[in-house]
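*Asks:* The sequence and its predicted three-dimensional model are supplied below.
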Amino acid sequence: MSDELDAVLRQQVIDAATVYYRHAHVVKKSFAPGDRIPYAGRIFDEREIGALVDSSLDFWLTTGRYADRFEREFAEFLGVPYCSLVNSGSSANLLAFMALTSPSLGERRIRPGDEVITVAAGFPTTVAPIIQYGAVPVFVDVSLPTYNMDVSQLDAALSPRTRAVMVAHTLGNPFDIIAVKAFCDKNNLWLIEDNCDALGSRYLYQNEWRYTGTIGHLGTSSFYPPHHMTMGEGGAVYSNDTTLKRLVESFRDWGRDCWCPSGRDNTCGNRFGQQFGELPAGYDHKYVYSHFGYNLKVTDMQAAIGCAQLEKLPGFIAARKKNWQILRDGLADLEDRFILPEPTEKSDPSWFGFLLTVRRDAGLSRDRIVAHLERNGIQTRMLFAGNLVKHPCFDEMRREKRGYRVVGELTTTDRIMNDTFWVGVYPGMTVEMLEYMVEQISDLCGK
């Protein structure tokens, strides 16, 4: 088939998909009280549909041209040199952590039994890689009203076995990066920023506004549908360090030593001319494994959706900020009932949700408020695990008092587990939806 005919036929298929999108997915319906208000959702149009169809016509079912483009453009957006696309945010966290276990890092590598400082008030896959590898998570408490790590506890968490800090920016609100980074630098520790809920958040670091996820040694993102942008499933690991980028991609791509892209051979120009371990001299470099790795690549069809979403990301971020502020202003007179969220000092959050902690003397319970909102069509969420160490997956570890360490009492973490919930601010929300949410919360509080 000629290139010209291919282009014509391809465009006809994409145009047909666009027509279908307008028929099946464009629904104009004004909001009415009682309509379901989800906490999050995908926002897309014919551009995502067209990119998805275009990619499918290649029938290149693994990582390909769209993945290459996304890695390049996403890195440019963040202002970092390296981005490695993966199949989920959880995989991104796994790969960021496992990269730091590589023997090639020498004395700085994380080994089984080493400790990693983190928090229990978060999502489990920030912590799961630590435990699954055999390292020890050390849990410190968080602070209100930012819901982020209490940095005053870092020194108490430090031990001779501490090797890293791995922590998330809670619901888009950056943690105190200045304090955490200074602590890591002072003690020669790795810093992994779980940026899955904070894409587009910024922090004033060394007199420069930087995107969260780009200040530590490694940052991670998730592109699951509720997040700031989506591929359906998908994630990314990013870094300023060439060595760490290579390690992430080795673990992502079966643990191989070779760095050839999918479908290409002999990038190094010495595929059959090297010696590795006890293998025969000249053994094919494409099948030499320097790590015990995985296959965590993304498909090119997912990456195609991501490329279209990335064009919309600045607008998504602006909408989240605007929606959060509408809720913050609308609920300002309920300070006597709730601890309202506040951005971390020197930060510009790209919010994932709006957090509310019920005050002890509010005369209302979290459960009563959540039930009222859900009955009226307003979807709510807990702050993920609440306190991760109280969950069934920790039962055996808790009974045997092994496998993790807690600094202090996790008092605020427990309070979040009992008294905190959040509602959405995603770009699909209208002013009418947000005002209805404020009205329902205020009415229940008698305001």
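*Replies:* Here it is on my side, so go on.

*Asks:* Can you read off the pLDDT for residue 274?
*Replies:* On pLDDT, residue 274 comes in at 89.

*Asks:* ok, the residue nearest to it when sequence neighbours are not counted - contacts?
*Replies:* Take residue 274 and drop its neighbours on the chain: the residue closest to it by C-beta to C-beta, 6 or more residues apart in numbering is residue 285, 6.0 Å away. (Glycine included, C-beta is placed from N, CA and C.) Taking C-beta atoms under 8 Å, 6 or more residues apart in numbering, we find residue 285 in contact with 257-258, 268, 270-272, 274, 276.

*Asks:* Next, work out how far apart residue 285 and residue 297 are.
*Replies:* Per C-beta to C-beta, to the nearest Å, residue 285 is found 19 Å from residue 297.

*Asks:* Show me where the stretch 301-447 of the chain has its helices.
*Replies:* 366-375, 395-400, 411-419, 431-444 (DSSP state H, counting those that start in this stretch).

*Asks:* looking at the ones you listed, which is buried most?
*Replies:* Each of those was scored by mean neighbour count; the highest is helix 411-419, a mean of 20, by mean count of other C-beta atoms under 10 Å.

*Asks:* Run through who's touching it.
*Replies:* 119-121, 139, 141-144, 147, 150, 357-358, 360, 366, 382-383, 386-387, 390.

*Asks:* Please indicate which of those residues are buried?
*Replies:* 119-121, 139, 141-144, 147, 150, 357-358, 366, 383, 386-387 (16 or more other C-beta atoms under 10 Å).

*Asks:* Residue 40: which of those is nearest?
*Replies:* residue 383 (14.5 Å; C-beta to C-beta).

*Asks:* so what's the closest one up against?
*Replies:* 121-122, 147, 170-171, 355, 416, 420-422.

*Asks:* Flag every buried residue along stretch 251-270.
*Replies:* 251-258.

*Asks:* for these, which one is nearest residue 22?
*Replies:* When those are compared against residue 22 (criterion: C-beta to C-beta), the nearest one is residue 252, at 37.3 Å.

*Asks:* quick one, what contacts that closest one?
*Replies:* Contacts of residue 252 (C-beta under 8 Å, 6+ apart): 84, 86, 91, 95, 293-297.

*Asks:* Next, the residues that contact the helix or strand of the chain with the lowest mean pLDDT from outside, please.
*Replies:* Here the helix or strand of the chain ranked lowest by mean pLDDT, DSSP states H and E is helix 395-400, holding a mean of 82. Residues outside helix 395-400 that contact it (C-beta under 8 Å, 6+ apart): 389, 403-404.

*Asks:* and those residues as TSV, adding pLDDT?
*Replies:* Formatted as TSV, the contacts of helix 395-400 follow (pLDDT from 0 to 100):
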residue	pLDDT
389	94
403	90
404	94
